[in-house]
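# what shape does this take:
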Amino acid sequence: SAGLAGRMEVSCVGTLAYGYFQSSVAPFLPLFLIASKGIARTQTILIPAYFGAGMLLFSNAFGRIGDRVGHLRVMRVLALVGGAMTASFVLLDRFAFMAAAVFVAGASLASISPLSLALQGVVTAPKDYSRANGIYNAFYAAGMLVGPPVSSRLFARWSGAVMLWHLAALWGAFVLFTVLFARDDPAARSEPAVGVA
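Okay, the predicted model is just below:
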């Protein structure tokens, strides 16, 4: 299992980051908007809808692009865009701009999880898919478990802005990880995939 996790390390880190982000931003972004930006509760309930709309409309498109140019390369670009959108909430004051930012964040960051799963499928052999899925889900669950306690402490001790900056930094760290381990993607080495694309 350790060797298998080593082959799919970028997929594991990608889904860990997304689980961490998703479980942190869902409860604490609305609280930040209400407490620091003066956004009405009735507007904050629309935030998940905009995020979901971005995910619904663009995940499949980015998956197709990943199949053509390399999943890891697309994940890197999406993490850069999504991290910037996350940080932008500290500066934005108009709800219309916030809605646009969360839509773009949904389109970019929510697409990382299926792309990382697709990358896992091309770096592992079909006989290892069940174990690989178990490892992948364990990393996702770990991110979901760790994210809220850390984010809540940052929010309570400092501010919602610090909490958002740390989530943006999380995606920055993931981008760096994808650069350091770029050759984990067969597309970067011009090699055939191990699994079924």
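
# what comes up buried for the host helix or strand of S108?
Counting by DSSP states H and E, the element that carries S108 is helix 95-123. Within helix 95-123, the residues that count as buried by 16 or more other Cβ atoms under 10 Å are 95, 98-123. C-beta: built from backbone N, CA, C; applies to glycine.

# now stretch 31-48
F32, L33, K37, I39, T44, I47.

# contacts for that stretch, please.
For stretch 31-48, contacts defined as Cβ atoms under 8 Å, 6 or more residues apart in numbering pick out 26, 29-30, 89, 92-93, 95, 98-99, 102, 155, 159-161, 163-164.

# swap in 10 Å and give it another go.
Applying Cβ atoms under 10 Å, 6 or more residues apart in numbering, the contact partners of stretch 31-48 are 25-26, 29-30, 89-90, 92-95, 98-99, 102-103, 105-106, 152, 155, 159-161, 163-164.

# before we move on, the earlier item: now flag whichever of the buried residues of stretch 31-48 is closest to L145.
Using Cβ to Cβ, F32 comes nearest to L145 of the buried residues of stretch 31-48, at 21.4 Å.

# residue ranges with poor pLDDT in the chain?
Counting by pLDDT under 70, the ranges of the chain that qualify are 189-197.

# residue ranges of the helices in it, please?
Using DSSP state H, the helices assigned to the chain run over residues 2-7, 9-37, 41-44, 47-69, 71-88, 95-123, 129-157, 160-180, 186-189.

# and the gap between the closest residue to G143 other than its chain neighbours and A138?
Here the nearest residue to G143 in space, its sequence neighbours aside, is G19; by Cβ to Cβ, 6 or more residues apart in numbering that works out to 2.8 Å. Per Cβ to Cβ, to the nearest Å, G19 is found 10 Å from A138.

# tell me which of these two has more neighbours.
G19 (21 against 15; other Cβ atoms under 10 Å).

# ok, that one - contacts?
Contacts of G19 by Cβ under 10 Å, 6+ apart are S113, N137, F139, Y140, A141, A142, G143, M144, L145, V146, G147.

# can you list the neighbours in contact with stretch 61-72?
10-11, 14, 58, 73-78, 107-108, 110-112, 114-123, 178-179, 181-189, 197.

# can we see that at 6 Å?
Stretch 61-72 has contacts (Cβ atoms under 6 Å, 6 or more residues apart in numbering) with V10, V74, S111, P114, L115, A118, L119, T178, D185, A187, A188.
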